[in-house]
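**Student:** Sequence and predicted structure, then a few things I'm wondering about:
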Amino acid sequence: MKDPPGGRPARSPRDAPPGVQRVKVDLFVTCLCDLFYPDVGEAVVRVLRRLGCRVGFPPDQTCCGQPAFNSGFTEQARAVARRLIEAFSAGEEEGTPIVAPSGSCAAMVRQHFPRLFAGDPRWEERALRFAGRVTELSEFIVGRLGVDDLGGRFGARLEAVAAYHRSCHMSRGLGVVEEPLRLLRSIRGLEVVDLPDAEDCCGFGGTFAVKMPAISTAMADRKLDAVAASGAALLVGSDLGCLMHLGGRLRRLGRPVQVMHTAQVFDRALGGGG
C-alpha cells in the first residue's frame, strides 16, 4: 500500500493476534486529517493493521464536498462527490469497505450522496454503492470487525482519565454513539468519565464558528467547563473539526487538557506510541 498522508511512513504495529480475520479496507483520510492532522491518519492505519486489516490508500481522493454542500453550492458538491467516488473505484466491484476517521464526512457520504445523484441514470447507483461502503472508524471496528474489547484480546492499556465528546454529525447523522465509548471503556487503565449534556454541540458547526463567533465560543466554553469539572486529563473525540475547535479554545484559555482523536487513543493503548 501507499504511505498514509503526511509524508511519513506509518510505524509497524505489533502483529495481530492469531485467528483475527484479515480484511481489506481503504482509508478515506478526509481534508482536515490530511491537511492538519496527518498523525491521526497514521494512527488509523496502525490501529487497523493491528486489528488484522490490510489498508489501502487511493492517492487521488479529495474532499467529500460537504463545505460546498452545506453552503448551498449543490452543483459544485456533485462535482467533488464524483471525483471522490472515482478515486475509490478500484474497490467498487468487490465492495471494499472504506473507513474514515470522521463521523461528519461519513455522514455526508451516507446521507447526502444518494440525494445528490437521485434520478441521475449514470451516477445514482454508483453513489448508493459508494455510500454503502463508507463507515466511521469505531463503527467499522465494532460493527464490521466484531471487535468491542481492545483490552482483552488485544491487550490495550492506557493509564488516564478521559472525557469523550459526542459530535453532532456522528451521533445524529450516523446514529453512532455507543461504539467509540465501548472501545474506549474496554482499554485497561482508561477511566472514561461522563459529561453532562453530552449530546450538546461544541459550537464548531463549520462556517457557524466563523459567522457567529460569540455564540460558538460560548458553546465551546460550556463544553470545556464540563470537561474541567470532570477532572479528565484527556478530551477525546471522533471528529477533527470538533477537536480543532475545542483544542484551540483550550489553548486560548491556558488549560492543560490534552486533545486526542479516538484513533490516537486506540493506537497508543495498543502500543503504537502515536
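**Tutor:** That came through fine.

**Student:** quick one: Gly91 and Val134, what's the gap?
**Tutor:** Note on Gly91: its distance to Val134, by C-beta to C-beta, to the nearest Å, is 11 Å. Glycine gets a C-beta too; all of them are placed from N, C-alpha and C.

**Student:** shared neighbours of these two, anything?
**Tutor:** Residues touching both Gly91 and Val134 (C-beta atoms under 8 Å, 6 or more residues apart in numbering): Ile98.

**Student:** More neighbours: which of those two?
**Tutor:** Val134 (25 against 17; other C-beta atoms under 10 Å).

**Student:** who's the more buried one bridged to?
**Tutor:** On the basis of DSSP bridges, Val134 is bridged to Ile98.

**Student:** care to break this protein down by domain?
**Tutor:** Under the assignment automatic domain parsing, the domains of the chain span 23-144, 157-269.

**Student:** residue ranges with poor pLDDT in the protein?
**Tutor:** Low-confidence segments of the chain (pLDDT under 70): 1-21, 273-274.

**Student:** could you pull out the helices for it?
**Tutor:** With helices called from DSSP state H, the chain shows them at 31-35, 38-50, 66-70, 74-87, 103-107, 113-116, 124-133, 137-139, 168, 178-185, 208-211, 213-230, 240-253, 262-269.

**Student:** Now tabulate the ones you listed in JSON lines and tack on mean neighbour count.
**Tutor:** Putting these into JSON lines (neighbours: other C-beta atoms under 10 Å) gives the following:
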{"stretch": "helix 31-35", "mean neighbour count": "18"}
{"stretch": "helix 38-50", "mean neighbour count": "25"}
{"stretch": "helix 66-70", "mean neighbour count": "18"}
{"stretch": "helix 74-87", "mean neighbour count": "17"}
{"stretch": "helix 103-107", "mean neighbour count": "28"}
{"stretch": "helix 113-116", "mean neighbour count": "19"}
{"stretch": "helix 124-133", "mean neighbour count": "17"}
{"stretch": "helix 137-139", "mean neighbour count": "25"}
{"stretch": "helix 168", "mean neighbour count": "19"}
{"stretch": "helix 178-185", "mean neighbour count": "20"}
{"stretch": "helix 208-211", "mean neighbour count": "14"}
{"stretch": "helix 213-230", "mean neighbour count": "16"}
{"stretch": "helix 240-253", "mean neighbour count": "20"}
{"stretch": "helix 262-269", "mean neighbour count": "27"}
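
**Student:** right, and those - which one's nearest Gly151?
**Tutor:** With C-beta to C-beta as the criterion, Gly151 lies closest to helix 262-269 of these, at 7.8 Å.

**Student:** and the longest strand along the chain, which strands flank it?
**Tutor:** For the chain, the longest strand by residue count, based on DSSP state E, is strand 157-165. Here the strand partners of strand 157-165, with direction, are listed using DSSP bridges: strand 188-193 (parallel), strand 234-237 (parallel).

**Student:** out of those strands, deepest packed?
**Tutor:** Taking mean count of other C-beta atoms under 10 Å as the contact definition, the stretch among these with the greatest mean neighbour count is strand 234-237, which reaches a mean of 24.
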